[in-house]
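Enquirer: heads up, no residue letters with this:
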């Protein structure tokens with residue numbers, strides 16, 4: 001999935017995608033199976049990525065609550 005498709009499916013703005021605009025509350029992306037390179041949101045609450053199986057290199061969101069990555073099987077070096 002490319003960035004534009006991701007933005008259309010999730011309803012996020014480009015500023016939210018890049019972490020320049022904080023997403024207040026929780027962000028539910030439970031049915032998203034892949035995230036495009038460059039997705040690094042700033043989320044005030046929890047981030048739910050239940051269906052994600054891998055994390056792209058460089059993915060380091062800022063999350064105020066918890067992060068649900070229950071189906072991720074590998075984490076790239078440098079993920080914080």
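Expert: Cool, the structure landed. Just so we're clear, the structure is a prediction, and the values are computed from it rather than from any experiment.

Enquirer: helices along this protein, start to end?
Expert: Read by DSSP state H, the chain holds these helices, from start to end of the chain: 3-10, 14-17.

Enquirer: from the contact counts, what lies against the last one?
Expert: Other helices and strands packing on helix 14-17, by 3 or more CB pairs under 8 Å, 6 or more residues apart in numbering; DSSP states H and E, are helix 3-10. Any C-beta I mention is one placed from the backbone N, CA and C, and that applies to glycine too.

Enquirer: contacts for the helix it packs on, please.
Expert: If you take CB atoms under 8 Å, 6 or more residues apart in numbering as the criterion, helix 3-10 is touched by 1, 12-14, 17, 29, 32, 35-36, 38-39.

Enquirer: then stretch 59-75?
Expert: With CB under 8 Å, 6+ apart as the contact definition, stretch 59-75 has outside contacts at 19, 26, 35, 39-55, 76, 78-80.
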